[in-house]
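Student: give me a model of this one.
(one chain, ligands or ions: 1)
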Amino acid sequence: MEIVTTIKDLKSLLGELRNEGKSVGLVPTMGALHAGHASLVDRSAQENDVTVVSVFLNPTQFNDPTDLEKYPRTLEADCQLLSEHGASIVFAPSVEEVYPEPDTRQFSYPPTDAVMEGAFRPGHFNGVCQVVSKLFGYVEPDRAYFGEKDYQQIAVIRRMVDDLQLKLEIVSCPVIRDERGLALSSRNKLLTSHELDIAPHIYQAMKDSRSMMNERSLKDTLNYVVERVNAVEGLQVQYYSIVDGRTLADIATWDDAESIVGCITVFCTDSGVRLIDHIKYK
Ligand code: PAF
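Tutor: You can find the predicted model right below:
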């Protein structure tokens, strides 16, 4: 496994591999890797000759400087995990390497990027599109792998790929959960032990709501999840939205879209961590 920090070195390595006719998979990450990331790398290594993993804590997608400051940084352990999961190249650039000049590009894909996380974290998806479009430009992958945990992020990236007419496949990979159902996330490292104990209630409430959906209206189902999570001391729902699974537009009834997903963000009051999760209703 090669570790490179400059775009020039990355491109020169990839140029040689492309000349040998090798296919390339990209797994973009911000580091603090866990089993969820490992599953993306495993999948890419199965489907491509070469797997590039970027480890870059992208400042332009953080609208809250404290969130960026607190984000765990574990490059050495990340490289160890990546070497055990078949990564070929780790690209770990500095901020100056990626942004020698401020990136003034604006990406806007309403309603997909405007609702939910887009409304709570203004500029977040613009920053994601800035960095992901740059990574796609450096690596020119055949396939790029993203975790479905960030359901909205994948929907926004798909819009960007269509908009920029990029020739690559976006591969969305299933959420990896711990044994109690908590979706794995780099931010889980920041939870208190009490929060780790109560956080599985989030997925449990959504799962139970899915089994009742035939008897309840969409609005009642939504309220059920919000009330049940808010009843757990230490958890506060920031939003629970039941939306069209493709566009993420709001819907009013179960008949309003072919695919329907519930997306939640919960604020953990001790640590201040925001936990994101979702469930597919149909
Ligand atoms: O999902 C993430 O970790 C980040 O948003 C991504 C896609 C690596 C862009 O910085």
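
Student: enumerate every residue touching Glu233.
Tutor: Ile198 (C-beta atoms under 8 Å, 6 or more residues apart in numbering). Bear in mind the C-beta positions are built from the backbone N, C-alpha and C, glycine included.

Student: could you rerun that using 10 Å?
Tutor: Under the criterion of C-beta atoms under 10 Å, 6 or more residues apart in numbering, the neighbours of Glu233 are His194, Ile198, Thr269.

Student: distance of it relative to Ile198?
Tutor: From Glu233 over to Ile198 the distance is 8 Å, taken as C-beta to C-beta, to the nearest Å.

Student: need the overlap of contacts for those two.
Tutor: When contacts are counted by C-beta under 10 Å, 6+ apart, Glu233 and Ile198 are jointly contacted by no residue.

Student: next SSE downstream of the longest helix along the chain?
Tutor: Ranked by residue count under DSSP state H, the longest helix found in the chain is helix 124-139. Proceeding C-terminally, helix 124-139 gives way to strand 143-147 as the next helix or strand, assigned by DSSP states H and E.

Student: mean confidence for stretch 57-72?
Tutor: Model confidence over stretch 57-72 averages 95 on the pLDDT scale.

Student: phi first, then psi, for the residue most central in space within the chain.
Tutor: Centre of the chain computed as the mean C-alpha position; nearest residue by C-alpha atoms, centre = their mean is Asp150, 3.6 Å away. Per-residue torsions, Asp150: phi -90, psi 70 (degrees, to the nearest 10).

Student: quick one: it from Leu218, how far?
Tutor: The value you get for Asp150 to Leu218, if C-beta to C-beta is used, is 23 Å.

Student: tell me which residue in the stretch 151-282 of the chain sits closest to the ligand.
Tutor: Gln153 (5.8 Å; C-beta to the nearest ligand atom).

Student: any idea which helix or strand carries that residue?
Tutor: Secondary-structure assignment from DSSP H and E places Gln153 in helix 151-163.
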